[in-house]
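> coordinates only, sequence not included:
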Ligand code: MRU
């Protein structure tokens, strides 16, 4: 692995799944071992693993483990026994389409006549994983070409090795651009309420010795007004056919602010995140998580007694606010229906 690509949040080893527990970072590097689909779905739901591509890869391995168990117990009708496991994995988190995309690839493979179905499924899950890593490196190359020697960039949430098969989407572009001397300073939003920025992105960037300053989301407009950044670089959980982008709550505000201040807005996402069956952003289901994530910090109540909270985990940025979409199949300027359908037809 290259020196700036050393973290693996998801690993398949000796027939089971190992996840780096992201709830514990950055204070502890603990791994959990999973052997079945139900525990895998729970790990996705509880954010042991998170980030759209990483949860897709995890779900593929989850279905592999379910298929292996069913094949052993019910060799004659193992396929028909899998539906509850498929359902529990599919329902783990609603917004990121990569979860459904990866499951669908596995389901298509398991429906085929095959003398060695479990070996085929294992090879496919590993291929989904490796393809994501390869896509990240390709996107990093393409995105980096757009970045001129600059002073600062702002990123949101965590889009790095922890959120993907490895290397990262937006963070992959930032890693590569930094290694080429094009970025002097990364600003990372804390990313309330789950602190993906301060706990995870900062952890990844500090390991790579990339100069990083955390800001609270509310500082973004001021940062842009002072001319400290020329790009906002973010990932995506689902991109609709018209180019609307669902990503971590707060992304939409950054896109509005960026357009107002003449800062360019780049979305970096593999084509597994583009869902041509979701026509517009309005059709994207937005996960609402527990109010406790806002009311408490480290299990300690911060908010005043009796107050409640609303906790949408994602928002939708209109495609017209996206200057550049970087995918492994190529770059799209101001994504729309026509441009995305021609992108998706490329091999
Ligand atoms: O709730 P999370 O942490 O799973 O949200 C993750 C994001 O919003 C990321 O920006 C997105 O999945 C892209 S990750 C490459």
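Here it is on my side, so go on. Treat the numbers as computed from the prediction; the structure is a model and nothing was measured.
> residues in this protein within reach of the ligand, list them.
50-53, 96, 157, 159, 163-164, 169, 196, 235-237, 247-248, 313 (CB under 6 Å from any ligand atom). No exception for glycine: its C-beta is placed from N, CA and C like everyone else's.
> and the closest residue to residue 346 other than its chain neighbours, how many neighbours?
With sequence-adjacent residues excluded and distances taken as CB to CB, 6 or more residues apart in numbering, residue 346 is closest to residue 329, at 4.8 Å. Residues lying near residue 329 (other CB atoms under 10 Å) number 18.
> Pull the contacting residues for residue 329.
Contact partners of residue 329, counting by CB atoms under 8 Å, 6 or more residues apart in numbering, are 271, 343-344, 346.
> in the protein, what residue is nearest the ligand?
residue 235 (2.8 Å; CB to the nearest ligand atom).
> just to revisit the earlier point, in helices only, show me the contacts of residue 329.
343-344 (DSSP state H).
> could the contacts of residue 329 be laid out in CSV, adding neighbour count, distance to residue 37 and pLDDT?
Output for the contacts of residue 329, formatted as CSV (neighbours: other CB atoms under 10 Å; distance: CB to CB, whole Å; pLDDT from 0 to 100):
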residue, neighbour count, distance to residue 37, pLDDT
271, 18, 26, 98
343, 18, 33, 98
344, 14, 29, 98
346, 10, 33, 93
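> So which residues of the stretch 201-347 of the chain form strands?
212-215, 231-234, 238-240, 245-248, 264-268, 274-275, 296-297, 300-301, 314-317, 324-327, 330-333 (DSSP state E, counting those that start in this stretch).
> Mind putting those strands into CSV with distance to residue 16?
Formatted as CSV, the strands of the stretch 201-347 of the chain follow (distance: least, CB to CB, whole Å):
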stretch, distance to residue 16
strand 212-215, 34
strand 231-234, 33
strand 238-240, 29
strand 245-248, 30
strand 264-268, 31
strand 274-275, 30
strand 296-297, 33
strand 300-301, 35
strand 314-317, 30
strand 324-327, 32
strand 330-333, 37
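> would you turn those strands into CSV with mean pLDDT and mean neighbour count?
Shown next, in CSV, are the strands of the stretch 201-347 of the chain (pLDDT from 0 to 100; neighbours: other CB atoms under 10 Å):
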stretch, mean pLDDT, mean neighbour count
strand 212-215, 98, 16
strand 231-234, 98, 28
strand 238-240, 98, 28
strand 245-248, 98, 29
strand 264-268, 98, 24
strand 274-275, 98, 24
strand 296-297, 96, 14
strand 300-301, 97, 8
strand 314-317, 98, 23
strand 324-327, 98, 25
strand 330-333, 98, 16
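> Which among the ones you listed is found nearest to residue 67?
Judged by CB to CB, the one of those that comes nearest to residue 67 is strand 274-275, at 24.6 Å.
> Show me what that closest one is packed up against.
Contact partners of strand 274-275 among helices and strands, from 3 or more CB pairs under 8 Å, 6 or more residues apart in numbering; DSSP states H and E: helix 97-110, strand 238-240, helix 337-345.
> what packs against the following helix or strand past the first one?
On the C-terminal side of helix 97-110, the nearest following helix or strand under DSSP states H and E is helix 117-146. Applying 3+ CB pairs under 8 Å, 6+ apart, one finds that helix 117-146 contacts strand 10-13, helix 52-73, helix 97-110, helix 170-179, strand 264-268, strand 324-327, strand 330-333.
> quick one, helix 117-146 and helix 52-73 angle?
Angle between the axes of helix 117-146 and helix 52-73 is 170 degrees (criterion: axes from the mean of the first three to the mean of the last three CA atoms, to 10 degrees).
> pLDDT on helix 117-146, on average?
The average pLDDT for helix 117-146 rounds to 97.
> If you count neighbours, what's buried in that helix?
Buried residues in helix 117-146, counting neighbours by 16 or more other CB atoms under 10 Å, are found at 117-118, 120-122, 124-125, 128-129, 131-133, 135-140, 142-144, 146.
> go on, stretch 97-107?
Quick answer for stretch 97-107 (16+ other CB under 10 Å): 97-103, 105-106.
> just to revisit the earlier point, buried ones among the residues of the chain next to the ligand?
Applying 16+ other CB under 10 Å to these flags 50-53, 96, 157, 159, 163-164, 169, 196, 235-237, 247-248, 313 as buried.
> Minimum distance to residue 45: which of the strands of the stretch 201-347 of the chain has it?
The nearest among the strands of the stretch 201-347 of the chain, by CB to CB, is strand 314-317 at 15.3 Å.
> for that closest one, packing partners?
Counting by 3+ CB pairs under 8 Å, 6+ apart, strand 314-317 packs on strand 245-248, helix 251-261.
> so of those, which one's packed in deepest?
Most buried of these by mean neighbour count (mean count of other CB atoms under 10 Å) is strand 245-248; its value is a mean of 29.
> Quick check, pLDDT for residue 320.
On the pLDDT scale, residue 320 gets 97.
> which residues sit in contact with it?
Per CB under 8 Å, 6+ apart, neighbours of residue 320: 243, 334.
> 7 Å - rerun?
residue 334 (CB atoms under 7 Å, 6 or more residues apart in numbering).
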